[in-house]
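Visitor: I need the structure of the sequence given here:
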Amino acid sequence: MAFSAEEVERYARHIVLHDVGGPGQQKLKAARILVIGAGGLGAPALLYLAAAGVGQLVLVDDDAVSLSNLQRQIIHRTTDIGRPKTDSARAAIDALNPHVEVVTHHTRITADNAMELIGGVDVVLDGSDNFSTRFLVSDACVLAGRPLVAAALGTFDASVTTIRAHERGADGVLNPTYRCLFPEPPPPGTVPTCAEAGILGALAGIAGSIAAMEALRAIVGFGEGLVGRFLMIDARTMRFETLSYGWDPDNPLTGEKPTIRDLSIHRGAH
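Guide: Below is the predicted model of the structure:
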């Protein structure tokens, strides 16, 4: 997969990086990354993944751009209000890097379409804004054997972790699942929505950019990622802390007595 002269110049700062180089950039060009949501997390992640030269970005979002989105969802513009976020995001990516193929699905990810969407890509980046979708996506990634970068936003806090539960660590033990970290989603209504509690706009940019870096790392393979590590960002005190977590033999996906073998438990949850 040869680069054009324009691509060589565009990606020059990657190509001279020792841990990326030409081979790493070739991996990015051949990669397919699924991004769930073009909101606060997905917006910066999509822009950085496109700028990095990921060959195909698959975007799933069923929402339209609203004025209140623009405080943090930087892939959209004022002129996009009322437009499907998938269309707005595609236009922004095309303007940034025409070498990136954008595949859009103006729909929600559900138990009925998750395996097909996830099975067709190399890495999944989840920027959804609710626990039911996070658990659906994380379960589907384990069942499909795909790496997942899971990011979440609070009011002044955010988190990012990477799940590779279909693989084993250097010690031979299975990598943890999302359910090893959070066994069950909280009861509906116990966590306020963004509209109810608010959110610091720039925080979405920080967490979304870190999620994009984890997705790029998953493709290229440089450095030490967030597998088994839960990165927590506190914007009030500007503290970054990491919680280590491991495989739980009681987890229902890859534990000693697994009970989740398909996505049927998620049907009717959306």
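Visitor: and the strands in the stretch 1-150 of the chain?
Guide: Here the stretch 1-150 of the chain has its strands, by DSSP state E, counting those that start in this stretch, at 32-36, 56-60, 101-105, 123-126, 148-153.
Visitor: quick one: closest of these to Thr79.
Guide: strand 101-105 (18.5 Å; Cβ to Cβ). Just so you know, the C-beta spots here come from the backbone N, C-alpha and C atoms, and that holds for glycine as well.
Visitor: quick revisit: okay, the strands of the stretch 1-150 of the chain in a markdown table with distance to Ala111, mean neighbour count and mean pLDDT next?
Guide: Below are the strands of the stretch 1-150 of the chain laid out as a markdown table (distance: least, Cβ to Cβ, whole Å; neighbours: other Cβ atoms under 10 Å; pLDDT from 0 to 100):
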| stretch | distance to Ala111 | mean neighbour count | mean pLDDT |
| --- | --- | --- | --- |
| strand 32-36 | 14 | 26 | 98 |
| strand 56-60 | 14 | 23 | 98 |
| strand 101-105 | 15 | 16 | 98 |
| strand 123-126 | 15 | 28 | 98 |
| strand 148-153 | 16 | 26 | 97 |
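Visitor: would you list those strands in CSV and tack on distance to Leu136?
Guide: Listed next are the strands of the stretch 1-150 of the chain as CSV, based on distance: least, Cβ to Cβ, whole Å:
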stretch, distance to Leu136
strand 32-36, 10
strand 56-60, 12
strand 101-105, 15
strand 123-126, 9
strand 148-153, 11
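Visitor: which of those strands sits closest to Gly198?
Guide: The nearest among the strands of the stretch 1-150 of the chain, by Cβ to Cβ, is strand 148-153 at 10.8 Å.
Visitor: and the contacts of the helix or strand following the closest one?
Guide: Counting by DSSP states H and E, the next helix or strand C-terminal to strand 148-153 is strand 157-163. Residues outside strand 157-163 that contact it (Cβ atoms under 8 Å, 6 or more residues apart in numbering): 138, 141-142, 147-152, 175-178, 181, 203-204, 206-207, 210-211, 214, 217-218, 225-227, 229-235.
Visitor: just the ones of the residues you listed in strands?
Guide: Under the assignment DSSP state E, those contribute Leu148, Val149, Ala150, Ala151, Ala152, Arg229, Phe230, Leu231, Met232, Ile233, Asp234 to strands.
Visitor: could I get these as a markdown table with distance to Gly189?
Guide: Shown next, in a markdown table, are those (distance: Cβ to Cβ, whole Å):
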| residue | distance to Gly189 |
| --- | --- |
| Leu148 | 26 |
| Val149 | 27 |
| Ala150 | 22 |
| Ala151 | 22 |
| Ala152 | 17 |
| Arg229 | 30 |
| Phe230 | 24 |
| Leu231 | 27 |
| Met232 | 24 |
| Ile233 | 25 |
| Asp234 | 25 |
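Visitor: specify which member of those residues is nearest to Ile81.
Guide: The nearest member of the ones in strands among the contacts of strand 157-163 to Ile81, counting by Cβ to Cβ, is Ala151 at 25.0 Å.
Visitor: still on that earlier bit, closest one to Gln71 among the strands of the stretch 1-150 of the chain?
Guide: It's strand 148-153; of those, that one is closest to Gln71 (Cβ to Cβ) at 12.6 Å.
Visitor: residues in contact with the closest one?
Guide: Outside strand 148-153, the residues that touch it by Cβ under 8 Å, 6+ apart are 40-41, 45, 123-127, 129, 134, 137-138, 141, 158-164, 178, 194, 199, 203-204, 207-208, 210-211, 214-215, 218, 226.
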